[in-house]
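using only what follows, build the 3D model:
(one chain, ligands or ions: 1)
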Amino acid sequence: MRSHLIIKASMVAAMAMFSPASADSIVTKAGKLNAETMTKLDHPWSFALLPDDRLLITEKTGSVRTFDGKTLSEPLAGVPKVAYRAQGGLLGIALHPDFSTNNLVYLSYVEAAEQQPAGAKDPGDPRLGEYQQLDDVTLKGLAVARGRLDGTALKDVTVIWRQQPKTVGRGHFGGQLVFAPDGKLIVTSGDRQRFDPAQDPAANVGKIVRINDNGSLPEDRVFADQSKGSQDILSLGHRNPLGISIDPKTGIIWEHEMGPKGGDEVNVIEKGANYGWPLVSEGSHYDDKEIPSHSDNQKFKAPVLSWNPSISPSGLIFYQGNLFPTWTGKALMGGMSSKALFVLGLSDDQGEVEERIGMGFRVRDVIEARDGSLFILKDHQDADEKNNVAEDEGALIHLTPARERATEAR
Ligand SMILES: [Ca+2]
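The predicted structure follows:
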């Protein structure tokens with residue numbers, strides 16, 4: 001048995017040498033791309049581009065590091081303690097729109113409750129099927145903190161927002177952060193694999209959240225005139241939103257979220273709208289129980305795009321550069337289980353997949369550099385012997401157009 005496993009692992013290692021990440025180029029409709037591995041990373045999750053062109057990168061295990069094109073820094077001091085396990089840990093990062101004058105950095109992360117309940121249990125939910133995990137009884141939730149970047153440290157770090165209520169175990173934290181043109185901070189808050197609270201206006205899980213840059217509540221909020229309802233809610237009925245971005249041309253807020261078994265969605269986010277989870281979906285539960293479609297209930301806003309089987313979208317930007325001219329103005333979206341980079345054409349209320357570029361690794365996030373080239377976070381992949389998958393380390397990948405060689409044979 002043991003020798004059988006060793007043979008399988010060595011076969012997988014040999015296969016891994018041919019992954020496109022280590023190859024020279026990836027063929028796309030926009031031409032050939034060079035993919036260069038810049039540095040290894042420990043479970044990278046998100047990144048932001050500093051005015052001096054360094055990247056600030058979060059690692060789910062709890063570190064924020066800078067990368068200056070050559071060197072990966074030691075972890076910054078002052079980063080809050082995170083509850084790292086499975087989908088949880090240090091997640092999103094965003095710079096304040098006035099970062100160049102105030103140096104404010106925003107982080108989202110999973111925070112354990114100070115008081116852990118004695119004898120806590122996860123009751124489980126049949127809708128999670130094989131993804132049921134009952135051994136994690138830490139009471140925790142997503143939090144957003146901001147701090148001032150000062151050299152190699154974050155200073156004056158304060159928590160400005162928290163998921164309510166905190167729950168034991170499970171994933172689906174959300175954690176993507178984006179500033180809107182009006183200066184409000186938008187946070188994606190996952191359903192914590194609890195399903196029904198996504199429809200509960202009193203809970204801020206399973207929601208898109210909108211707050212002021214210091215965590216206070218905007219005056220023009222959805223539930224401003226009602227006592228019932230979490231005052232930070234922008235929209236309701238979300239499952240596991242891991243991408244949000246604003247089209248600079250139209251001002252439209254675009255979001256994507258992972259569906260259950262099938263049913264990943266791209267949505268246009270409107271103030272006060274309900275996106276239906278878990279009452280409607282284009283997928284089914286993990287125990288194969290069917291879920292009505294969005295079209296069965298006009299109360300819910302249907303996705304612009306959906307996928308079945310799942311692609312596991314993660315990270316979303318609108319490409320503004322011209323180094324890849326065919327992508328200017330298009331949305332670029334990572335895919336994890338799909339191991340792909342997606343080029344999406346998104347207009348007012350329509351969308352289409354213009355290209356699905358196979359990358360050979362899980363694409364966790366994508367960002368545009370000032371020269372129009374792209375950086376990609378290659379997600380960590382756990383070994384999976386059952387499916388012949390070797391462990392694959394996280395890394396920072398730089399995508400540039402491949403130069404045609406004059407001597408290239410035709
Ligand atoms: Ca939906």
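
and the strands in the stretch 1-150 of the chain?
Taking DSSP state E, counting those that start in this stretch as the test, the strands found in the stretch 1-150 of the chain are 25-28, 31-41, 44-49, 55-59, 63-67, 90-95, 104-112, 139-150.

looking at those strands, which is closest to the ion?
Checking the strands of the stretch 1-150 of the chain against the ion by C-beta to the ion gives strand 139-150 as the closest, at 19.8 Å. No exception for glycine: its C-beta is placed from N, CA and C like everyone else's.

residues contacting the most centrally placed residue in the chain?
Geometric centre of the chain, nearest residue: L242, 3.2 Å, by C-alpha atoms, centre = their mean. With contact taken as C-beta atoms under 8 Å, 6 or more residues apart in numbering, L242 is in contact with G174, G175, Q176, T188, H256, E257, M258, P313, S314, G315.

what residue spans form the domains of the protein?
Following automatic domain parsing, the chain resolves into domains at 1-39+314-404, 43-310.

relative to S235, how far out is the residue nearest to the centre of the chain?
According to C-beta to C-beta, to the nearest Å, L242 stands 16 Å off from S235.

just the CA coordinates for stretch 213-226, please, in PDB.
Below are the C-alpha coordinates for stretch 213-226, written out as PDB (Å, rounded to 0.1, in the frame of the first residue of the first chain):
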ATOM      1  CA  ASP A 213     -14.000  54.600   5.800                       C
ATOM      2  CA  ASN A 214     -13.900  54.700   9.600                       C
ATOM      3  CA  GLY A 215     -16.500  52.000  10.000                       C
ATOM      4  CA  SER A 216     -19.400  54.400  10.800                       C
ATOM      5  CA  LEU A 217     -22.700  54.100   9.000                       C
ATOM      6  CA  PRO A 218     -23.500  56.000   5.800                       C
ATOM      7  CA  GLU A 219     -26.500  58.300   5.900                       C
ATOM      8  CA  ASP A 220     -28.000  56.900   2.700                       C
ATOM      9  CA  ARG A 221     -28.200  53.300   4.000                       C
ATOM     10  CA  VAL A 222     -30.800  50.600   3.000                       C
ATOM     11  CA  PHE A 223     -32.400  50.200   6.500                       C
ATOM     12  CA  ALA A 224     -32.000  53.800   7.600                       C
ATOM     13  CA  ASP A 225     -35.800  54.200   8.300                       C
ATOM     14  CA  GLN A 226     -36.300  50.800   9.800                       C
END
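
still on that earlier bit, least reliable of the domains of the chain by average pLDDT, please.
Ranked on mean pLDDT, the bottom entry among those is domain 1-39+314-404, at a mean of 85.
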